[in-house]
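Enquirer: Here is my input; please provide its structure:
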Amino acid sequence: MNDTANTKNLFFSFLRLGITAFGGPAMIAHIRELSTEHHQWIDQNDFKNGVALCQAIPGATAMQTAAYVGLRVRGIFGALAAYTGFGLPSFILMLILSIAYARFNDLPKIISLFNGLQVIVVAIIFNAAYSFGRNVVHDYKNVILAFLALISFWFGVSPFIVIVGAGILGMAFLKVSAPGTAVNSRTKESQWNTKQIIGLLIAFLICLTVIYFLNSTLFNLAVVMLKIDLFAFGGGFASLPLMLHEVVINRGWLDSKIFMDGIALGQITPGPIVITATFVGYLVHGIAGSLAATIAIFTPSFFMVVIVAPFFERLKNSAYFMRAVEGIFASFVGLLLFVCIKFAVAVPWDIMRILLGVAALVALLRKVDVLYIVPVGAIISVVVL
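Expert: All right, here's what the predicted structure looks like:
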């Protein structure tokens, strides 16, 4: 099969997978099945190394894993094909939902629907903080870092400063486990074509420059999403505190309740929760805004995978790097708890909302798929609230 056919195969294989890519971390299992069993593009060990890489750098882990598989199969353009194919269904569906939301969100039934979904969003984020913390907070030093992050954010410190500070404190005070198996940096010459990576990066910067001169709102929207993705260590949920700070607190583009509605919509679409950027972009500047925000929220992640992969062995064997990542992960537990508190305060609690929130949280803790929880919660909201 020639290069073009292989690249097309990657795109359409991940496009089909992206249509049904529900379930957060479960998406990685589906990518593993597609790439190591169905097509046998890479072996199991190589795939595990790729997941380790994607977990250690900022961005949505499942999206990055798709890019890694494409990179190993067909180089930079394979990575781009897999990445785009996997994320495209999520973007299209979220754009449709955003358009519908903007047109019909003042109808009584729609209001009831999102009043209930906001309660479920609080449960989802609390569960994310719990799950994240259980895997990250190992001793009292991690607990202190998480608490300091929560307090700092509470008193208005920028989450980006909190993350950098947590990384520095992590390097100074945290312990780190022994390095695991690293990504093999030996690849075919064609797969690591530096000129192709630089060319794509220059093309993106040119587009960003053109946007700067054409429309300041689109440019600011893109820059905000780029910054969020650059600091979103720990997967898609790690982007929520950053997005809340930039979109709601810092710039006032949306209020807390509307932002929660966007998160709720993100939970009923395939793909990572950072697709909420499409919702934000559409409400800020229409379809052009949704495109700018979506491309920007995924671009740093893509470039980090294709650039860092050949050097990951040295990074993973650096104690300072792994301590910094550990510290940053701990800070996100505190940041997620802040988001949970912030959203909980915005909900007009009554007995029915409390019962709905507790039921949703119990279901999440018992590993019920969120794809079932959100629609059931939506039906209850329309009927009862």
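Enquirer: I'd assumed residue 62 was in contact with residue 51.
Expert: No. Taking Cβ atoms under 8 Å as the definition, residue 51 is not a contact partner of residue 62, at 9.5 Å. Every C-beta, even on glycine, is put in place using the N, C-alpha and C of the backbone.
Enquirer: ok, residue 231 - contacts?
Expert: Residues in contact with residue 231 (Cβ atoms under 8 Å, 6 or more residues apart in numbering) are 58, 159-160, 163, 242.
Enquirer: what about 10 Å?
Expert: 58-59, 159-160, 162-164, 167, 238-239, 241-242, 300, 328, 332 (Cβ atoms under 10 Å, 6 or more residues apart in numbering).
Enquirer: Let me see the backbone angles for it.
Expert: The phi/psi pair for residue 231 (degrees, to the nearest 10) reads phi -110, psi 0.
Enquirer: what does residue 130 give?
Expert: The phi/psi pair for residue 130 (degrees, to the nearest 10) reads phi -60, psi -50.
Enquirer: Let me know how buried it is, in neighbour terms.
Expert: Per other Cβ atoms under 10 Å, the neighbour tally for residue 130 reads 17.
Enquirer: Skipping its backbone neighbours, what lies nearest it in space?
Expert: Leaving aside its chain neighbours, residue 130 sits nearest to residue 365 (7.7 Å; criterion: Cβ to Cβ, 6 or more residues apart in numbering).
Enquirer: other SSEs contacting the helix or strand bottoming out on mean pLDDT in the chain?
Expert: Counting by mean pLDDT, DSSP states H and E, the chain has its least confident helix or strand at helix 312-316, which shows a mean of 74. Where contact means 3 or more Cβ pairs under 10 Å, 6 or more residues apart in numbering; DSSP states H and E, helix 312-316 is packed against helix 44-56, helix 319-346.
Enquirer: Return the list of helices and strands in contact with the last one.
Expert: Helix 319-346 sits against helix 44-56, helix 108-136, helix 140-154, helix 159-173, helix 239-243, helix 256-267, helix 312-316, with contacts defined as 3+ Cβ pairs under 10 Å, 6+ apart.
Enquirer: What is the helix or strand following it packed up against?
Expert: Following the chain from helix 319-346 toward its C-terminal end, the next helix or strand by DSSP states H and E is helix 351-365. Helices and strands touching helix 351-365, by 3+ Cβ pairs under 10 Å, 6+ apart, are helix 108-136, helix 370-384.
Enquirer: Tell me which of these sits most buried.
Expert: Comparing the helices and strands packed on helix 351-365 by mean neighbour count (mean count of other Cβ atoms under 10 Å), helix 108-136 ranks first with a mean of 21.
Enquirer: helices or strands up against it?
Expert: For helix 108-136, the packing partners by 3+ Cβ pairs under 10 Å, 6+ apart are helix 61-104, helix 140-154, helix 239-243, helix 256-267, helix 319-346, helix 351-365, helix 370-384.
Enquirer: chain center to it: distance?
Expert: Offset of helix 108-136 from its chain centre (Cα atoms, centre = their mean, to the nearest Å): 16 Å.
Enquirer: Could you check how far residue 327 is from residue 116?
Expert: 37 Å (Cβ to Cβ, to the nearest Å).
Enquirer: Could I get the average pLDDT for stretch 132-140?
Expert: The pLDDT scores in stretch 132-140 average 78.
Enquirer: contacting residues around residue 296?
Expert: By Cβ under 10 Å, 6+ apart, the residues touching residue 296 are 204, 208, 211, 218-219, 221-229, 277, 281.
Enquirer: Go through those and name the one nearest residue 36.
Expert: Set against residue 36, the nearest of these by Cβ to Cβ is residue 229 (27.0 Å).
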